[in-house]
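S.K.: Please find the sequence and the predicted model below.
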Amino acid sequence: MRLANGYTRFTGIALILGGVLPIVGMAIRPLLVEQNFNFQPTDFETINAHHAIWIVSYQVMVFGLFVRLAGLVALGSLHAHTLARTVVWPGVAIAMAAIVVNGISAGYYMHMGFWGADQLKAATDATKGAFLDSIRPGSELMICLERMAKMFFSLGLTVLGVGLALGKVVPRWLGVAGAAIGMTGMMALFAMPFSHTVFIPFDIAILAWLVVLGALVTRGIEQEPAP
């Protein structure tokens, strides 16, 4: 039985926006901040020259991450009448935790970048060096959180993709594609844990997957009778 209503449209739109907005935020940022990122003195000069767009880029990104969270939870709720919920919901839960961790790390970089740029406007090289040394422990922690967020979102996507393939609420190939993206993302992170940009292709792949998934859910889902 095909089901299309306001709830499926809400889910689909949230998934689409949750795919697009984080990438838009990353794209408009004047400085690439990915995993293994530590601030350098010239970074603060760049941020100071584009301080407004620096803040907006993170606002768009973090807002998009939490819209993504809403879309994934709604997607899980659409599986309430299928036994595949046993796999779908754990995948959603893991992805949710990863999104929250990602939001925390993004908040750190947004605030620390803006604050550092303001503090170091007319600072000497020695002062800049001392400032960077003082924030190094926090930056190293955020590097760990960034890696964790990417790794465990990939794990959540893998589990969710398997659940979607089993549930048949959306086309099975979408679940297989999601699981493949998640698994390949984990493998890339294991193979190149210290790369600055290794996950960017997967960010784009996740965007495409969420947009296609959201568009299909907006049009309607297959609903089976309760077991």
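M.R.: In hand now; what should we look at? Since we're looking at a predicted model, the values are computed, not measured.
S.K.: neighbouring contacts of the least confident helix or strand in the chain by mean pLDDT?
M.R.: Averaged element by element with mean pLDDT, DSSP states H and E, the chain has its least confident helix or strand at strand 2-3 (a mean of 79). By CB atoms under 8 Å, 6 or more residues apart in numbering, the surrounding residues in contact with strand 2-3 are 220-223. Where C-beta positions appear, they are placed from N, C-alpha and C, glycine not excepted.
S.K.: From Val176, how far out is Val145?
M.R.: For residue 145 the amino acid is Leu, not Val. 30 Å (CB to CB, to the nearest Å).
S.K.: Show me which of the two is the more surrounded one.
M.R.: A count of neighbours by other CB atoms under 10 Å puts Leu145 above the other of Leu145 and Val176, at 19 against 14.
S.K.: Contacts only, for that one.
M.R.: Applying CB under 8 Å, 6+ apart, the residues contacting Leu145 are 101-102, 104-105.
S.K.: Neighbour count and pLDDT added to those, as CSV?
M.R.: Below are these laid out as CSV (neighbours: other CB atoms under 10 Å; pLDDT from 0 to 100):
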residue, neighbour count, pLDDT
Val101, 20, 95
Asn102, 22, 94
Ile104, 15, 94
Ser105, 22, 93
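S.K.: Which ones among the residues you listed map onto strands?
M.R.: Among the contacts of Leu145, no residue falls in strands (DSSP state E).
S.K.: Give me the subset of these lying in helices.
M.R.: 101-102, 104-105 (DSSP state H).
S.K.: Dump the helix or strand harbouring Thr11 to CSV, restricted to CA.
M.R.: Assigned by DSSP states H and E, Thr11 belongs to helix 6-28. Extracted as CSV, the C-alpha positions of helix 6-28 are listed here (Å, rounded to 0.1, in the frame of the first residue of the first chain):
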residue,chain,number,x,y,z
GLY,A,6,2.0,15.4,5.3
TYR,A,7,4.1,13.2,7.5
THR,A,8,6.0,11.6,4.6
ARG,A,9,6.4,15.1,3.1
PHE,A,10,7.8,16.4,6.4
THR,A,11,10.3,13.5,6.6
GLY,A,12,11.4,13.9,2.9
ILE,A,13,11.9,17.7,3.2
ALA,A,14,13.8,17.3,6.5
LEU,A,15,16.1,14.7,4.8
ILE,A,16,16.7,16.9,1.8
LEU,A,17,17.5,20.0,3.9
GLY,A,18,19.6,17.9,6.3
GLY,A,19,21.7,16.8,3.3
VAL,A,20,22.0,20.2,1.6
LEU,A,21,22.5,22.7,4.5
PRO,A,22,25.6,21.2,6.1
ILE,A,23,27.4,21.1,2.7
VAL,A,24,26.3,24.7,1.9
GLY,A,25,27.7,25.8,5.3
MET,A,26,31.0,24.0,4.5
ALA,A,27,31.1,25.5,1.0
ILE,A,28,30.7,29.1,2.0
